[in-house]
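In: From the sequence below, what's the structure:
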Amino acid sequence: MDGRLILIGAGASLAAGLATGLGALPVLLVRRISQRLQDALLGFAAGVMLAASFLSLVVPGIEAARADTGSATLAAASVSAATLLGAGVLWAANRFVPHEHFVLGPAGPRSPAVRRIWLFVAAITLHNFPEGLAVGVGFGGGDLANGTALAIAIGLQNMPEGLAVAVSLVALGHARRAALLVALATGLVEPIGGLIGVAAVAISQPLLPWGMGFAAGAMLFVVSNEIIPETHGKGHEDTATAGLMVGLVVMTLLDTALA
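Out: You can find the predicted model right below:
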């Protein structure tokens, strides 16, 4: 087991998670951020995640599985199964863990005893864990360029999410500094996922394709089930879609530049 690789992966996922707090900083200075801009920024985050899921997780995962098995069909099948498994685990968590979306409202079992702010934190935590896992798995495979691309991508898309969290909490009546701290705290779950991901695949290299597929499936579930519906709930669908396309292109260029 390469301890240095595990340290790099955990550190990179921590940096990506801290970007959530960095993105939330404007809440201390700006009185109001338009809903249209929030939707555009979250659309950008969705585009980055979509591109990262395929370019930095699914495709490298299939290549790694093919090197292990010698069969392109078996490689594609195993990574596809892992992708479905990742999406399934996030679906189960989304269904059975009480949380609340900022636009779509409550999800999971009803828990009237739990304050809304903690339901929001639970939602963002469910969202951020697979992102940290993706960064850790990216580094765990020993490909520093791929891991770096993932870490930068996750950091980029965490910034508008952190801003959205902070702005929404301020709108609910919470103090600006408290909203900033909550946004920062929600990103700190990512190093946990990163440490798990990098350690698992560093210890057992055959887990790499499965880890990549699992992380991709979890991220794709988040994009489809949470981010896109959130950005399409206020009448700014075109703006959000434009943001998604820009994010996808930016991540594609970034992944190519770091290859």
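In: what secondary structure does residue 161 sit in?
Out: Under the three-state scheme (DSSP: H, G, I helix; E, B strand; the rest coil), residue 161 adopts helix.
In: you'd agree it is up against residue 43?
Out: No: using C-beta atoms under 8 Å as the test, residue 161 is too far from residue 43 to be in contact (11.5 Å). For glycine as for every other residue, the C-beta is placed from the backbone atoms N, C-alpha and C.
In: Please say which of the two ends up with more neighbours.
Out: A direct count of neighbours by other C-beta atoms under 10 Å for residue 161 and residue 43 places residue 43 higher, at 29 against 26.
In: Contacts only, for the more buried one.
Out: Counting by C-beta atoms under 8 Å, 6 or more residues apart in numbering, residue 43 touches 227, 231, 239, 240, 241, 242, 243, 244, 247.
In: a helix runs through residue 234, doesn't it?
Out: No: assessed with three-state DSSP, residue 234 is coil; it does not lie in a helix.
In: Mind pulling up the pLDDT for it?
Out: If you check residue 234, the pLDDT there is 80.
In: What residue, apart from its backbone neighbours, is nearest it spatially?
Out: residue 35 (5.0 Å; C-beta to C-beta, 6 or more residues apart in numbering).
In: Give me the distance between that neighbour and residue 56.
Out: Residue 35 sits 30 Å away from residue 56, going by C-beta to C-beta, to the nearest Å.
In: More neighbours: these two, which one.
Out: Of the pair residue 35 and residue 56, residue 56 is the one with more neighbours under other C-beta under 10 Å, namely 32 against 17.
In: and the more buried one, what is it in contact with?
Out: 134, 138, 146, 149, 150, 153, 255.
In: Spit out the contact partners of the nearest residue to the last one once chain neighbours are set aside.
Out: In this structure, residue 255 finds its nearest non-sequential neighbour in residue 55, 4.5 Å apart by C-beta to C-beta, 6+ apart. Taking C-beta under 8 Å, 6+ apart as the criterion, residue 55 is in contact with 149, 251, 252, 255.
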